[in-house]
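**Student:** turn this into a model:
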Amino acid sequence: MCDRWSAESIRDAGHATRWSRSVQGAAAALRALTDLTPFGWAVFVRDVEAARRRLTGAGVSLSGIAPGSRARPDGSLLEWKTFEIEKPPLAGAPFFIRWGDGTTHPSKDAPGGCRLEGLRIFSSDADALRRVLASVALDVAVEAGSRGAMEVTLRCPKGTVQFRGDVSPR
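**Tutor:** From the prediction side, this is the model:
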């Protein structure tokens, strides 16, 4: 017989193993890159539960909420919670993040210079991705494509730069 704690521990251990394999695969893919390449994006949400309700209302299944943290070089701690779309798999879908209440967003004290000029997402299921993004009031250009990709345009002091890269379904 399995009590609730044991069942949850087994489930969580399985999730941790899948997550670990996923991270290892992503790390290997990142090490193989030779050029600056976007490979995913995050959306900040102020209210995790409200965002989750809107997203599930748009017809997607979500992962659990995963806490995270890391120490910055100055010793301060960044804390966050994340979740992502599990089903259906949508190429170009973001993951969602809520920064901890005592955490300064990394962009607030990052070196200045460039700003986001444009973001375009290409997805084999562009209509579904548009519907999901609209459910959380995101106005992002989504175009149909045979495979997932994203294109990021930055305006920098020395001119505009553009990066493009393939993205897998989340």
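
**Student:** enumerate the positions of the helix or strand F96 falls within that are buried.
**Tutor:** Assigned by DSSP states H and E, F96 falls within strand 95-99. Applying a neighbour-count criterion of 16 or more other C-beta atoms under 10 Å, one finds 96-99 buried in strand 95-99. C-beta: built from backbone N, CA, C; applies to glycine.

**Student:** now do the contacts for E117.
**Tutor:** By C-beta atoms under 8 Å, 6 or more residues apart in numbering, the contact list for E117 reads 153-155, 160.

**Student:** next one: the residue lying closest to S146 once chain neighbours are set aside from V167, what distance?
**Tutor:** Setting aside the residues directly before and after it, S146 is nearest to S124 in space (C-beta to C-beta, 6 or more residues apart in numbering), at 6.3 Å. Per C-beta to C-beta, to the nearest Å, S124 is found 11 Å from V167.

**Student:** who has more neighbours, the two?
**Tutor:** The residue with more neighbours, out of S124 and V167, is V167; 22 against 16, by other C-beta atoms under 10 Å.

**Student:** ok, that one touching G92?
**Tutor:** Yes: V167 is in contact with G92 according to C-beta atoms under 8 Å; the separation is 5.4 Å.

**Student:** next, show the common contact partners of the two.
**Tutor:** Common neighbours of V167 and G92 (C-beta under 8 Å, 6+ apart) are 121, 148-150.

**Student:** domain-wise, how is this structure divided?
**Tutor:** Split into domains by automatic domain parsing, the chain comes to 1-32, 33-166.

**Student:** need those in JSON lines with mean pLDDT, can you?
**Tutor:** As requested, the domains of the chain are exported to JSON lines (pLDDT from 0 to 100):
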{"stretch": "domain 1-32", "mean pLDDT": "46"}
{"stretch": "domain 33-166", "mean pLDDT": "87"}
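
**Student:** most packed of these?
**Tutor:** domain 33-166 (a mean of 14; mean count of other C-beta atoms under 10 Å).

**Student:** mind listing what T82 touches?
**Tutor:** 42, 65-66, 68, 95-98.

**Student:** and if we set it to 6 Å?
**Tutor:** By C-beta atoms under 6 Å, 6 or more residues apart in numbering, T82 lies in contact with 66, 95, 97.

**Student:** and for P157?
**Tutor:** For P157, the contacting residues are G113, by C-beta under 6 Å, 6+ apart.
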